[in-house]
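Student: Pasting the sequence and the predicted coordinates here, then a few questions.
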Amino acid sequence: MARRLGGRAWTWIWYVPSMVAAVLFCIISLVTFGDLAQIQYDWSAGSPGSQINGVMAATFIAPITTVGLILMSFFLLVKKSFSQSGAGFSYGFCTAWFLLGSQLLLITGVELTANKHHTSTWEAGYSGVWTRSATNAFIAAYVLAFICTVLFLCTGVAMISNRESFGGERLTVDELGLSDRLRTPGSPSSSAAPVAASPAPPYPDRATQMAASRSAPGTQAGAWTTV
């Protein structure tokens, strides 16, 4: 079945539920951020002040970052799926963003979970400001954060493993310009293995040299004998 669907199909299978969960997380997280902003400096039951700054930062930065990832990844994958232009730098950047986004959402979920016990106090102390629906939205925000963490991580892995299915031809030897070098005589890649040199003849001894000099015509020794 994996061969019938192909790498692009599997990438989209992981991508679509990731984006659905991400959109829900962004909406609920921003709603939770608004609820937290209302009680931050509400003096009716004692202002929590800077105690919830971490939760507010998490519920604002995470959805804003996720919205950027949603927009970029959607247009990028649509373009790559139809153009078959290969992965490229933008594809790798989007893949890294998915992997880093999963870590950011994990931290957001942990931060919201660590402050979950405050929701009962806010619900009792800030009557009319922090309601039961705000508590439910708070819980849904960190549940969706953990779900998006898993989905983003799986989507990033799917994009890495299926990157070749988005096109991009591999350069052959002819396209790289190496075929001429391989066929040109005398090039390092086309030359045959060096032939082993024949061993040098042994150096003649003194007696052999003297005998050769006497037998050779026109030598100095022959001239002395004729005088």
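Tutor: Ah, there it is. Numbers count the residues shown, from 1 in each chain.
Student: check contacts around E123.
Tutor: Residues in contact with E123, defined by C-beta atoms under 8 Å, 6 or more residues apart in numbering, are 130-132, 134-135. From N, CA and C alone the C-beta is placed, and that goes for glycine too.
Student: Name the member of those residues that has the highest neighbour count.
Tutor: Compared across these, W130 has the highest neighbour count, 24 neighbours, by other C-beta atoms under 10 Å.
Student: List the contacts of the residue lying closest to that residue once chain neighbours are set aside.
Tutor: Excluding the flanking residues, the one nearest W130 by C-beta to C-beta, 6 or more residues apart in numbering is W122, at 4.0 Å. Going by C-beta under 8 Å, 6+ apart, W122 touches 39, 48, 129-130, 134-135.
Student: could those residues go into TSV alongside secondary structure and pLDDT?
Tutor: Formatted as TSV, these follow (DSSP: H, G, I helix; E, B strand; the rest coil; pLDDT from 0 to 100):
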residue	secondary structure	pLDDT
I39	helix	83
P48	coil	67
V129	coil	77
W130	coil	85
A134	helix	90
T135	helix	91
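Student: Mind picking the two most distant members of the residues you listed?
Tutor: P48 and T135 (15.0 Å; C-beta to C-beta).
Student: Number of residues surrounding M159?
Tutor: Here the number of neighbours of M159 (other C-beta under 10 Å) works out to 26.
Student: Please list all residues in contact with it.
Tutor: Contacts for M159 (C-beta under 8 Å, 6+ apart) come out as 11, 91, 94-95, 98.
Student: Return the member of these nearest to I64.
Tutor: F98 (16.2 Å).
Student: among the helices and strands of the chain, which one scores worst on average pLDDT?
Tutor: Least confident helix or strand of the chain, by mean pLDDT, DSSP states H and E, is helix 220-226 with a mean of 45.
Student: Who are the contact partners of A145?
Tutor: 25, 29, 62, 105-106, 108-109, 112.
Student: Go through the residues you listed and say which is closest to V16.
Tutor: Of all the contacts of A145, F25 has the smallest distance to V16: 15.0 Å, by C-beta to C-beta.
Student: wait, doesn't the closest one sit right on F146?
Tutor: No. Assessed by C-beta atoms under 8 Å, F25 is found out of contact with F146, at 9.8 Å.
Student: Looking at the two now, which is surrounded by more residues?
Tutor: Using other C-beta under 10 Å as the criterion, F25 and F146 rank with F25 on top: 26 against 17.
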